[in-house]
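In: got a structure for you, letters missing:
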């Protein structure tokens, strides 16, 4: 199971914002870590062993995550600069999913500091250049708050959204 990779479903992304399923703190922390890129063994979570497996099975059963495959476990690489290669256009669906991820991050790590920014500036970032500018601003805020590692985790989720068209 250590090489299995999970990603959040749309219901999982919605849960991050609404908290409608009443997940325990440990389950929520596990859900936050699921990004569609890291294998189970690379997740940073207080759960281990049977408790981790049960947590993953519960999230999968509830339709909040889904398996996307397996990966070989490799050492972590240094974070790359925030930059995406797309055809220049960002779909409204992609932008909304990115907004949801950043909204979840804002609430969990920045105490709502970027609420207005999310509703105004990010809402108009419909091309690659504008999105990169917004993500640079967000990343700078996360770094200033000592949340660089969490920023990398969220960036993996954003990258996965931009790759899936």
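Out: Okay, I see it. Here the structure is a predicted model, which is why all the values come from computation and not from measurement.
In: Helices along the protein, start to end?
Out: 10-18, 25-33, 49-61, 92-109, 115-119, 128-144, 148-163 (DSSP state H).
In: mind listing what's buried in the fifth one?
Out: This points to helix 115-119. Residues 117-118 are the ones in helix 115-119 that count as buried (16 or more other C-beta atoms under 10 Å). (Glycine included, C-beta is placed from N, CA and C.)
In: quick check: domain ranges of the chain?
Out: What the record gives for the chain is the domain set 4-70, 92-163, from automatic domain parsing.
In: And for residue 56, the neighbour number?
Out: Per other C-beta atoms under 10 Å, the neighbour tally for residue 56 reads 23.
In: Likewise for residue 21?
Out: 17.
In: Looks like it contacts residue 62 (just checking).
Out: Yes - the pair residue 21 / residue 62 is scored as a contact, 6.3 Å apart, by C-beta atoms under 8 Å.
In: what stretches of this protein score poorly on pLDDT?
Out: 1-2, 71-88, 164-165 (pLDDT under 70).
In: Let me know the outermost residue of it.
Out: No residue in the chain sits farther from the centre than residue 50, which is 24.3 Å out by C-alpha atoms, centre = their mean.
In: mind checking how far that residue is from residue 8?
Out: Counting by C-beta to C-beta, to the nearest Å, the separation of residue 50 from residue 8 is 23 Å.
In: do the same with residue 45
Out: 15 Å.
In: Do me a favour and get the backbone dihedrals for residue 21.
Out: phi -90, psi -10 (degrees, to the nearest 10).
In: give me the number of residues near the spatially closest residue to residue 13 that is not a sequence neighbour?
Out: Of all residues not flanking residue 13 in the chain, residue 100 sits nearest, at 5.1 Å (C-beta to C-beta, 6 or more residues apart in numbering). Counted with other C-beta under 10 Å, the neighbours of residue 100 add up to 19.
In: Pretty sure residue 161 sits against residue 101.
Out: Yes - taking contacts as C-beta under 8 Å, residue 161 lies within contact range of residue 101: 7.2 Å.
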